[in-house]
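In: Okay, structure incoming, though there's no sequence with it:
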């Protein structure tokens, strides 16, 4: 495998879309967008259509007949009025989403996807599909990989940084073949190594993160537990910025 430089970006607002131009990007929103999207696709959804605004979601819904689609997402952690589903991965069961088009908008995750629009490939990562994602990156063997953390309300979130560090380690950094391309990647790798020494410590770190604390307040503790599960799925969601469509 040729050498890979891994670049970690802690927030969309502190990097430019041009940073991703022609590169392979991974969008990270552990709590909960990328976890939920992976769940929906693994459970049989035809596609997830990522949009930025509620009004866009309603316009996309007009392309389908009643029963073909579901509106899903959240604003500040809570279900949007008139939507079928919120942003809980536990809501996207096979019985609910199989064969459906999911039209999806969230506070942070879908905006992070659009920020990577100049990348040649845009993958979505979660702990639920960590190994599948790492395998895909190893197969693609790009010269650079750019990991974008979505954050929470324009602030850095520990859970996204943890996942970025997990990718760095799984790809083999630091080594002759895989090198942190910026100090933020080194920071993420150190964070992951410190907080993944036991399943209990890892789960506690997710709960104590900015995103985790918000979910605990809203009563979504079970979503954090699900987001912490490693390698539930063997799929890699891919985002097409031209259409906004995410497929496995």
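Out: Nice, thanks for sending it over. The model shown is predicted, which means the values in this text are computed figures rather than measured ones.
In: Now residue 167. Its backbone dihedrals?
Out: phi -60, psi -40 (degrees, to the nearest 10).
In: if I look at it, how far off is residue 58?
Out: Separation of residue 167 from residue 58 (Cβ to Cβ, to the nearest Å): 35 Å. For the C-beta atoms, the positions are set from N, CA and C on the backbone; glycine is no exception.
In: Residue 92 too?
Out: Counting by Cβ to Cβ, the gap from residue 92 to residue 58 is 20 Å.
In: For the two, indicate the residue with more neighbours.
Out: Legend: neighbour count by other Cβ atoms under 10 Å for residue 92 and residue 58, higher for residue 92 (30 against 14).
In: Report the contact partners of the closest residue to residue 222 other than its chain neighbours.
Out: Counting by Cβ to Cβ, 6 or more residues apart in numbering, residue 222 lies nearest to residue 90, which is 6.1 Å off, once chain neighbours are set aside. Contact analysis of residue 90 by Cβ atoms under 8 Å, 6 or more residues apart in numbering lists 222-223, 226.
In: Now the residue most central in space within the chain: which helix or strand?
Out: In the chain, the residue lying closest to the centroid (Cα atoms, centre = their mean) is residue 34, at 2.9 Å. Taking DSSP states H and E as the criterion, the element that holds residue 34 is helix 33-42.
In: what does residue 179 give?
Out: With DSSP H and E as the test, residue 179 turns up in strand 178-180.
In: In stretch 118-137, which residues are buried?
Out: 118-119, 121-130, 132-134, 136-137 (16 or more other Cβ atoms under 10 Å).
In: average pLDDT for that stretch?
Out: The average of the pLDDT scores along stretch 118-137 is 98.
In: same check, this time on stretch 96-115
Out: On average, stretch 96-115 scores 97.
In: Identify the residue spatially nearest to residue 91, adjacent ones excluded.
Out: Using Cβ to Cβ, 6+ apart, the closest residue to residue 91 is residue 85 (5.0 Å).
In: Any buried residues in the helix holding residue 34, and which?
Out: 33-42.
In: Name every strand pairing with the helix or strand following that helix and say which way it goes.
Out: The C-terminal neighbour of helix 33-42 among helices and strands, as given by DSSP H and E, is strand 47-50. For strand 47-50, the paired strands and their directions (DSSP bridges) read strand 101-105 (parallel), strand 245-247 (antiparallel).
In: Out of these, which is the most enclosed?
Out: Between these, strand 101-105 has the highest mean count of neighbours, a mean of 25, where neighbours are mean count of other Cβ atoms under 10 Å.
In: and after that one, which helix or strand comes next?
Out: Counting by DSSP H and E, what follows strand 101-105 is helix 109-115.
In: So which other helices or strands are in contact with that next one?
Out: Judged by 3 or more Cβ pairs under 8 Å, 6 or more residues apart in numbering; DSSP states H and E, helix 109-115 is in contact with strand 24-28, helix 33-42, strand 47-50, strand 144-149.
In: For the lowest-mean-pLDDT helix or strand in the chain, name the packing helices and strands.
Out: Lowest on mean pLDDT, DSSP states H and E among the helices and strands of the chain sits strand 178-180, with a mean of 81. Under the contact criterion of 3+ Cβ pairs under 8 Å, 6+ apart, strand 178-180 touches strand 4-9, helix 158-171.
In: tell me the mean pLDDT for the last one?
Out: Read it as helix 158-171. pLDDT averaged over helix 158-171 gives 97.
In: got the angle for the host helix or strand of residue 135 vs strand 144-149?
Out: Using DSSP H and E, residue 135 sits in helix 130-140. Angle of helix 130-140 versus strand 144-149, following axes from the mean of the first three to the mean of the last three Cα atoms, to 10 degrees, is 150 degrees.
In: gap between helix 130-140 and the chain center?
Out: 15 Å (Cα atoms, centre = their mean, to the nearest Å).
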